[in-house]
Structures are given as structure tokens and as C-alpha cells.
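how would this look folded up:
(one chain, ligands or ions: 2)
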Amino acid sequence: MISEPLSKLLVAQVSSELGAHQTYLGISLYFERQSLHGWAKVFRDQSIEEAQHASKIMAFLLDNDVEFDLLGLAAATTHYKSATDAVGVALASEVKVTGQFNTMAGAAVEAGDHRGFQFLQWFIDEQVEEERTMGALLDLLASGVNLFQAQELLAGIIEE
Ligand SMILES: [Fe+2]
Ligand SMILES: [Fe+2]
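Ligands and ions are numbered 1, 2, ... in the order given. Sure thing, here's the model as predicted:
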């Protein structure tokens, strides 16, 4: 079993991760519409990762006999002012998620919930990588490189 406060936060986090899945899918479509297939793939792959994060949390909730329903998903735009605008939204989303996992880790510590605290570590590590990736993409855009040519550099930035 895991603590009640952390259970509630994890149930909310499932919809947050699925919300990120939608946001990234919207960003992928924004790039796809401009025939920027490389950029679109980066965000489609990221979108899939976010759905996997939601699955990982749901599996943990099931393993711990937490009863939950799936909450509603917010709509996601496919329209952005620029590539920098879109990637900036992605970075802001990652920073928000980092804060959510910090809050959950605090709740786990307060409740003496070692199992929950241990589970959160993977996500806390993952957030370091996700913030770094989005920050690096923003740096690439800030260099002024042509968006089509920039696609040749994306593989070197995205770490699996
Ligand atoms: Fe995530
Ligand atoms: Fe993420």
C-alpha cells in the first residue's frame, strides 16, 4: 500500500502525463503541417513517452490497489506562433511536471511512504533529461539555423 496523499497526487499525475501526451502531439502536428518531418518525429516520439509515463503510474496504482478513474483531458492546440514558441511551451510543461514530482516526493517523505518515494525517483531522474533536451532544442533554434537544416542535428540532441 501507499499513502493516501501520494495516491491522490499520482492519480492526478496520470491525467497530467496524458495532458503532456496531447500537448506534444499538438506540437508534432504543428511541425508536420510545415513538412518539418524531423521536428514532428521528435515531438511524436516525446508524445508516446508521455503516454508511457501515464501507463507506468497506472501500473503502480494497480499494484498498490488504489481505486481510480481517468480524469478528463484538456484540449491541445496545433497552432503556434513559431518553432521557438512551440518548444518553449514544451520546456514550460517539463518544468511544471518537475515541480509536480517534487511535491509528490515531499508528500511521500512526510507520510513516511518509502515505497512511493522510491517509485518517484525514476521520474525525478527522467525530468532532468527532459528539461535538458527541451533546453537544447531552444538553444538550437536560438542559433538561427534554418529549420529544415536543423533536422540533421536533432539526432545529436535527443538522447534515448
Ligand atoms: Fe512525463
Ligand atoms: Fe516529459
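
can you list contacts of the host helix or strand of Ala155?
Under DSSP states H and E, the secondary-structure element containing Ala155 is helix 154-157. Applying CB atoms under 8 Å, 6 or more residues apart in numbering, the contact partners of helix 154-157 are 38-39, 42, 133, 136-137, 140. All C-beta spots, glycine's among them, are computed from the backbone N, C-alpha and C.

for it, which positions count as buried?
For helix 154-157, a neighbour-count test (16 or more other CB atoms under 10 Å) marks Ile157 as buried.

go on, stretch 88-108?
Residues of stretch 88-108 classed as buried: 88-91, 93-94, 97-98, 100-101, 104-105, 107-108 (neighbour count, 16+ other CB under 10 Å).

contacting residues around that stretch?
Applying CB under 8 Å, 6+ apart, the contact partners of stretch 88-108 are 3, 5-6, 9-10, 13, 16-17, 20, 23-24, 27, 43, 46, 80, 113-114, 116-117, 120, 123-124, 127, 130-131, 134-135, 137-138.

near ligand 1, which residues of this structure?
Neighbours of ligand 1 within the chain, by CB under 5 Å from the ion: 17, 50, 53.

Now intersect the residues you listed with the strands, please.
Assigned to strands by DSSP state E, none of the residues of the chain next to ligand 1 qualify.

May I ask which helix or strand encompasses the closest residue to Glu152 other than its chain neighbours?
Once flanking residues are discounted, Glu152 sits nearest to Gly38: 7.8 Å by CB to CB, 6 or more residues apart in numbering. Per DSSP H and E, Gly38 falls inside helix 37-63.

By mean pLDDT, flag the weakest helix or strand of this protein.
Across the helices and strands of the chain, mean pLDDT, DSSP states H and E gives its lowest value to helix 154-157, namely a mean of 93.

in this protein, which spans are helices?
Per DSSP state H, the chain carries helices over the ranges 4-32, 37-63, 83-110, 114-142, 147-150, 154-157.
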